[in-house]
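In: Next comes the sequence, and after it the predicted model I'd like to discuss.
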Amino acid sequence: MTLQGFFLSSQLKLKNPKINIAIDGYSSSGKSTLAKALAKKLNYLYIDSGAMYRAITWFIIQNNIELNDKHLEKHLKGALIKLFSVDGKLKVSVNDLDISEDIRSMEISNMVSEVAAISCVRTYLVSIQQSYGKDKGVVMDGRDIGSVVFPDAELKFFMNADLATRSKRRLLELQHKGHTNLSETDVLKNLTHRDNIDSTRADSPLVQTSDAIVLDNSTISFDDLLEKAYEMALERIKLAN
Ligand code: DC
């Protein structure tokens, strides 16, 4: 399967790359916030693999494509999806339309796990994700990064936080983005639904690999979490040299 292209803008340049860092975990466990901050501190490339699944979901909805359409792969060739950075913020576009905000909507959140369970979608996205990591220096967050995308990553984190903490965090994020009509129950239902599909799907379910360091984000402050992850990254970078 080939989408016309997933590629990074030249704004996302690497300096002194050494290792790959995989951050997996449940929805809204704080993976992206940590991954982004860690990448910035290390001057590494941050890749939000969930945004790629969300962009494909957006495209499927826009084009009224059925998930069981035999020609799904062919349809997806009509999508030119780009990840790029503006003022240090990761943006996503499809056919040059910036959909960075749209992909965070509840409509996308309610469907993305079903899309992400489709093997041809995964095969394609995994190959793109692996190509981003071939020169190292990447922090990528998702569900299968340590298990499938970068099984040899020098550093793997598995992030969790209790469901109440995750729901509150997600609701605040959504409200901040103007989605003010949602209740905590709506968000909690969506997280439970996604956790369930993401952890039980046949292809590359969310798993905690035996070599992953578990970070529980319910009790520790973000600054402490980042410091801990950063110290570990520096150790692994030293070992890799
Ligand atoms: O991280 P996120 O919530 O934006 O991810 C959206 C969905 O994409 C999530 O429900 C599961 C799926 N996903 C996946 O299956 N594999 C990944 N590596 C990243 C995300």
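Out: Everything's here; your move.
In: residue contacts, residue 209?
Out: Shown in contact with residue 209 (C-beta atoms under 8 Å, 6 or more residues apart in numbering): 24, 146, 147, 151, 156, 158. The way it works is simple: take the backbone N, C-alpha and C, and place the C-beta from them, glycine included.
In: Quick check: which ranges of this structure have low pLDDT?
Out: 1-17 (pLDDT under 70).
In: How about the residues of the chain by the ligand?
Out: Applying C-beta under 6 Å from any ligand atom, we find that the chain lies next to the ligand at 27, 49-50, 53-54, 112-113, 116, 142-145, 194, 198.
In: Please narrow those residues to those residing in helices.
Out: Counted as lying in helices by DSSP state H, out of the residues of the chain next to the ligand, are 49, 50, 53, 54, 112, 113, 116, 194, 198.
In: Now for the contacts of residue 209: which two are most distant?
Out: Spatially, the most separated pair among the contacts of residue 209 is 151 and 158, at 13.9 Å (C-beta to C-beta).
In: okay, those two: which has more neighbours?
Out: residue 158 (23 against 13; other C-beta atoms under 10 Å).
In: in its sheet, what does the helix or strand containing that one sit against?
Out: Using DSSP states H and E, residue 158 sits within strand 155-160. Strand pairing for strand 155-160, using DSSP bridges, gives strand 20-25 (parallel), strand 213-216 (parallel).
In: Can you name the next helix or strand after the longest one?
Out: Spelled out, that is strand 20-25. Immediately after strand 20-25, counting by DSSP H and E, sits helix 31-42.
In: picking that back up, mind giving me CSV with the residues of the chain next to the ligand and columns for neighbour count?
Out: As requested, the residues of the chain next to the ligand are arranged in CSV below (neighbours: other C-beta atoms under 10 Å):
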residue, neighbour count
27, 23
49, 27
50, 18
53, 23
54, 24
112, 24
113, 21
116, 26
142, 31
143, 27
144, 25
145, 32
194, 21
198, 21
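In: Let me know the closest of these to residue 105.
Out: residue 54 (9.2 Å).
In: contacting residues for the closest one?
Out: For residue 54, the contact set (C-beta under 8 Å, 6+ apart) comprises 92, 103, 104, 108, 112.
In: the strands in the chain, which residues?
Out: 5-8, 20-25, 45-48, 80-86, 89-94, 97-98, 138-142, 155-160, 213-216 (DSSP state E).
In: Does anything pack onto the third one? Which helices or strands?
Out: I take that to be strand 45-48. Judged by 3 or more C-beta pairs under 8 Å, 6 or more residues apart in numbering; DSSP states H and E, the packing partners of strand 45-48 are helix 31-42, helix 119-132, strand 138-142.
In: just the ones you listed: most buried one?
Out: Mean neighbour count (mean count of other C-beta atoms under 10 Å) peaks for strand 138-142 among the helices and strands packed on strand 45-48, with a mean of 28.
In: And for that strand, what's in contact with it?
Out: Under the criterion C-beta under 8 Å, 6+ apart, residues 17, 20-25, 31-32, 34-36, 38-39, 42, 44-50, 129, 132-133, 149-150 lie in contact with strand 138-142.
In: cool, and stretch 224-236?
Out: Contacts for stretch 224-236 (C-beta under 8 Å, 6+ apart): 19, 21, 30, 34, 37-38, 41-42, 154-155, 157, 213, 215, 217, 220.
In: wait, residue 145 sits on residue 31?
Out: No: counting by C-beta atoms under 8 Å, residue 145 does not reach residue 31; the two are 9.4 Å apart.
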